[in-house]
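S.K.: sharing a model prediction with you, sequence too.
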Amino acid sequence: MVDEKMVLRLYCRTTVNIMNAGHDIIPSTVVADICGCSLYRARKIIKKLVDMGLLESAGEGGWDEEQPYIMRGYRLTRQGRKSKQYAKAQWDEAKICSKCFGGGSPYSYFKGFRSGTDLTEEGEKNAQNDREKINGRNEHDRAGL
């Protein structure tokens, strides 16, 4: 049965995955497909996680290699990044990175991941500014600048 823990784990694993390059927004339709539940059930679970302060509504847009894209869904909050599920996802990702890239133990990768987890308010503002700059560059790319 799909529950809050399973959906939170999906968001945590997506957020820490190094192949996502900062794209951590997951729409409720994708949650329903991945978890094998109805869209109603996925939205109900997401609403519970939002009410618990672990997820927030988010949107992202930009320009990929060929066409524009818009993503509307949910992402982890700061509180969600402090959860045990998030730390477990970071540990799992650290083990994968250690096997694939070498150069350190899983623990050294985990320490590196954890150092970026506890963002201050200033860090959050800087991350938001970076996202805005990236979106601004995408607009210039479309205009041919």
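M.R.: Arrived safely, thanks for sending. The model shown is predicted, which means the values in this text are computed figures rather than measured ones. Numbering: from 1, shown residues only.
S.K.: name the nearest residue to residue 29, sequence neighbours excluded.
M.R.: Distances taken as CB to CB, 6 or more residues apart in numbering put residue 39 closest to residue 29, at 6.2 Å, once the chain neighbours are dropped. C-beta here means a position set from N, CA and C on the backbone, and glycine is covered the same way.
S.K.: also residue 75?
M.R.: Spatial nearest neighbour of residue 75, chain neighbours left out: residue 58 (4.4 Å); criterion: CB to CB, 6+ apart.
S.K.: ok, residue 18 - contacts?
M.R.: Going by CB atoms under 8 Å, 6 or more residues apart in numbering, residue 18 touches 93, 97.
S.K.: hmm, back to that, torsion angles phi and psi at the residue nearest to residue 75?
M.R.: As for residue 58, its main-chain torsions (degrees, to the nearest 10) stand at phi -150, psi 160.
S.K.: so who does it touch?
M.R.: For residue 58, the contacting residues are 25, 72-75, by CB under 8 Å, 6+ apart.
S.K.: buried subset of those residues as a ChimeraX selection?
M.R.: To isolate the buried ones among those in ChimeraX, judged by 16 or more other CB atoms under 10 Å, type:
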select :25,73,74,75
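S.K.: out of the contacts of residue 58, who's nearest residue 93?
M.R.: residue 75 (16.8 Å; CB to CB).
S.K.: check the secondary structure at the closest one for me.
M.R.: Secondary structure, DSSP: H, G, I helix; E, B strand; the rest coil: residue 75 is strand.
S.K.: same question, the one 10 residues further on
M.R.: The three-state label given to residue 85 by three-state DSSP is helix.
S.K.: correct me, but it touches residue 12?
M.R.: Yes: between residue 85 and residue 12 there is a contact under CB atoms under 8 Å: 4.8 Å.
S.K.: these two: which has the busier surroundings?
M.R.: Shown here are residue 85 and residue 12; by other CB atoms under 10 Å, residue 12 has more neighbours (25 against 21).
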